[in-house]
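1. Fold the following for me, if possible:
(chains A and B)
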Amino acid sequence: MLLNADSMKPIYVQISEWLENEILNESISADEKIYSQYQLAEMFNVNPATAGKGINLLADDNVLYKKRGLGMFVAADARKIILGKRKSSKLHSLVTELAQEAVQLQVEEEELVTMIRDMHQRIKEEQS
Amino acid sequence: MNVVVCHDLTKQYGRSKAIQNMNCQIAENKITGLIGRNGAGKTTLLKIIAGYLHHSSGDIQVFSENPFNNLKISANTIFIDNEMSFSQGLTLNELLETAGSFYPNWNHDLALKLFDYFSFNPNQYHGNLSKGMKSTFNMIVGLAARCPLTIMDEPTSGMDSATRKDFYRALLKEYIAYPRTIILSSHLLDEVEDLLEEVLLIKSGEKCLHLSIDQLKEYAIGVRGKTVNVETWTEKMELISMQEIGANMSYAVIRNDRSIKELEDARQLGLEVTSVSAEDICSYLTSKTKGGIDDVFSRG
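-> Sure thing, here's the model as predicted:
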């Protein structure tokens, strides 16, 4: 957690984030079965134990639930949980980094806020 | 269940000890990487496990039996390395067929498919193959044998990079389809780490670490910054490595067990905290000096 370089994230974390993205963009919907650890292992070329750890990470957060003998399924409120989690952890750390960088570059508060507002608007327009 | 259990295992060649009081267990149906520097005792350990060598003292059990001169162990184990000797009188095709008769789980279909994929000539002889082709052929035998204990000693030596990638993928797919205990020795940890579940790191014939790959990756952190600050911050910590990396700049590697407060202090001192790759952790841990190769060249 304290290591900032993104590529340095453990692979199982990267796998769980990839699964979260699949759920967020609705490639996998609620109550649908998720990839097995063996499928993930093949997809990412990693040991099945590592892939299993990525799945367990999401099960711990209640994003996934287990059906005995059938595998892991997406929880009904999975999207909500993921969004909440991302807001509190990812966004927070990105903002911290951004603010630190701004201070180092002597960018004033006003300027920084304007930059964020402009970018936010542009992306929203592009999406609509 | 543990497939391999070593207890105070020692192997002496004359007066020098290749393996010293080794205690380790290798769990069933996992891929374990055996990592160590040149001459650390990797091959000796693997040969003892495979039953090729007799140990000098201590105890070793493979599938709960002593592996040396043991038929059950040799039927259930395959040892692949680049010194494998095959009959000079048989063609590659005949070698595959003969190998099949030794191993009960042998999958001839897989062997032939891999054989085709890597464009072998069935009428060629093993002795005439290039180094990389030899390794590739041996690997095919190792995978097709589907032995409950599959040991590969530097399996990729001599292979080109495309073949190495193919091999790792073939190994993974085979492992997923037919789980078995695999021990893979390599000095290219970067290349194999994603495949491994566990890492057994050995140094001068002794066990140095035995961890899951995830634990190993989080084992240490590096701090970089002004030498004075690095030294102040790490004063009471045990260093894994300390190097001068430039004028008044140093890089120290320590265990990853610092509190958030301490890491915050490091930031205040202008130190950069980074993660350390599994391969780097292994080379720092098995290095004989704390400063590395730079010590050789340092003045004074």
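2. Phi, psi for residue A:57 please.
-> phi -60, psi -40 (degrees, to the nearest 10).
3. neighbours around it, how many?
-> 19 (other Cβ atoms under 10 Å in any protein chain shown). The C-beta positions use only the backbone N, C-alpha and C, and glycine is treated the same way.
4. Repeat that for residue B:141.
-> By other Cβ under 10 Å, neighbour count at residue B:141 equals 21.
5. Just say helix, strand or coil for it.
-> helix (DSSP: H, G, I helix; E, B strand; the rest coil).
6. so it makes contact with residue B:78?
-> Yes. Applying Cβ atoms under 8 Å, one finds residue B:141 in contact with residue B:78, separated by 7.4 Å.
7. just the residues of the stretch 1-150 of chain B that are near chain A, which are they?
-> B:30, B:31 (Cβ under 8 Å from any Cβ of the partner chain).
8. how about residue B:171, phi and psi?
-> Dihedral angles (degrees, to the nearest 10) for residue B:171: phi -60, psi -50.
9. For it, which residues are in contact?
-> The contact partners of residue B:171, taken as Cβ atoms under 8 Å, 6 or more residues apart in numbering or on different chains, are B:143, B:182, B:195.
10. which helices and strands does the helix or strand bottoming out on mean pLDDT in chain A pack with?
-> Ranked by mean pLDDT, DSSP states H and E, the weakest helix or strand in chain A is helix A:92-104, scoring a mean of 87. Contacts defined by 3 or more Cβ pairs under 8 Å, 6 or more residues apart in numbering or on different chains; DSSP states H and E place helix A:92-104 against helix A:109-127.
11. And residue B:239, how far from residue B:211?
-> 20 Å (Cβ to Cβ, to the nearest Å).
12. for residue B:111, same thing?
-> 34 Å.
13. Neighbour count for these two, which is higher?
-> Remark: of residue B:111 and residue B:211, residue B:111 carries more neighbours, 20 against 16, as counted by other Cβ under 10 Å.
14. quick one: what helix or strand has that one in it?
-> Taking DSSP states H and E as the criterion, residue B:111 maps to helix B:108-117.
15. For that helix, which residues meet the burial criterion?
-> B:110, B:111, B:112, B:114, B:115 (16 or more other Cβ atoms under 10 Å in any protein chain shown).
16. Looking at the residues you listed, which is nearest residue B:228?
-> Distance to residue B:228, by Cβ to Cβ, is smallest for residue B:114 among those, at 57.5 Å.
17. hang on, the earlier thing: so how far is the least confident helix or strand of chain A off the chain centroid?
-> 19 Å (Cα atoms, centre = their mean, to the nearest Å).
18. Just the pLDDT for the residue most central in space within chain A.
-> By Cα atoms, centre = their mean, the mean C-alpha position of chain A lies nearest to residue A:17, the distance being 4.0 Å. For residue A:17, the pLDDT comes out at 91.
19. Repeat that for residue B:288.
-> pLDDT at residue B:288 comes out at 73.
20. Confirm that it sits in a helix.
-> No. Remark: residue B:288 does not belong to a helix; assigned using three-state DSSP, it is coil.
21. Around residue 127, count how many other residues there are.
-> Just going to use chain A. Around residue A:127 there are 6 residues (other Cβ under 10 Å).
22. I was thinking of chain B, sorry if that wasn't clear
-> 10.
23. separation between it and chain A?
-> For residue B:127, the distance to chain A equals 34 Å [Cβ to the nearest Cβ, to the nearest Å].
24. Which residues are in contact with the closest residue to that residue other than its chain neighbours?
-> Residue nearest to residue B:127 in three dimensions, not counting chain neighbours: residue B:88, with 5.5 Å by Cβ to Cβ, 6 or more residues apart in numbering or on different chains. Contact partners of residue B:88, counting by Cβ under 8 Å, 6+ apart, are B:125, B:126, B:127.
25. got it, and residue B:45?
-> So residue B:45 contacts B:9, B:11, B:19, B:22, B:34, B:202 (Cβ under 8 Å, 6+ apart).
26. so what's the residue nearest to residue A:102 when sequence neighbours are not counted up against?
-> Nearest non-adjacent residue to residue A:102, counting by Cβ to Cβ, 6+ apart: residue A:112, 4.8 Å away. Applying Cβ under 8 Å, 6+ apart to residue A:112 gives the contacts A:98, A:99, A:102.
27. The last one - how many residues pack around it?
-> The reference is to residue A:102. 17.
28. With the first one instead?
-> Residues near residue A:98, counting by other Cβ under 10 Å, number 14.
29. nearest spatial neighbour of it, skipping sequence neighbours?
-> Nearest non-adjacent residue to residue A:98 (Cβ to Cβ, 6+ apart): residue A:112, at 7.5 Å.
30. quick one: pLDDT of that neighbour?
-> If you check residue A:112, the pLDDT there is 93.
31. With the one 4 residues further on instead?
-> The predicted local distance difference test score for residue A:116 is 92.
32. how much space between the closest residue to it other than its chain neighbours and chain B?
-> The spatially closest residue to residue A:116, leaving aside those adjacent along the chain, is residue A:98, at 8.0 Å (Cβ to Cβ, 6+ apart). Using Cβ to the nearest Cβ, one obtains 16 Å as the distance from residue A:98 to chain B.
33. With residue B:264 as the reference, measure out to residue A:98.
-> Counting by Cβ to Cβ - residue A:98 and residue B:264 are separated by 19 Å.
34. Kindly report the same for residue B:172.
-> From residue B:172 to residue B:264 the distance is 41 Å (Cβ to Cβ).
35. Which of those two has more residues huddled nearby?
-> Neighbour comparison, residue B:172 and residue B:264: the larger count goes to residue B:172, with 19 against 12 (by other Cβ under 10 Å).
36. Phi first, then psi, for that one.
-> phi -60, psi -50.
37. Now do the same for it: its pLDDT.
-> Reported pLDDT for residue B:172: 96.
38. isn't it right next to residue A:42, touching?
-> Yes. If you go by Cβ under 8 Å, residue B:172 and residue A:42 touch, sitting 7.1 Å apart.
39. and residue 121, how many neighbours?
-> Using chain A. So residue A:121, with other Cβ under 10 Å, has 10 neighbours.
40. ah, no, chain B please
-> Counted with other Cβ under 10 Å, residue B:121 comes out at 13.
41. in the least confident helix or strand of chain A, what counts as buried?
-> Neighbour count says helix A:92-104 has residue A:102 buried, by 16+ other Cβ under 10 Å.
42. Same question for stretch B:227-235.
-> For stretch B:227-235, using 16+ other Cβ under 10 Å, the buried residues are B:227, B:229, B:230, B:233, B:234.
43. mind checking how far the residue nearest to the centre of chain A is from chain B?
-> Taken as Cβ to the nearest Cβ, the span from residue A:17 to chain B is 15 Å.
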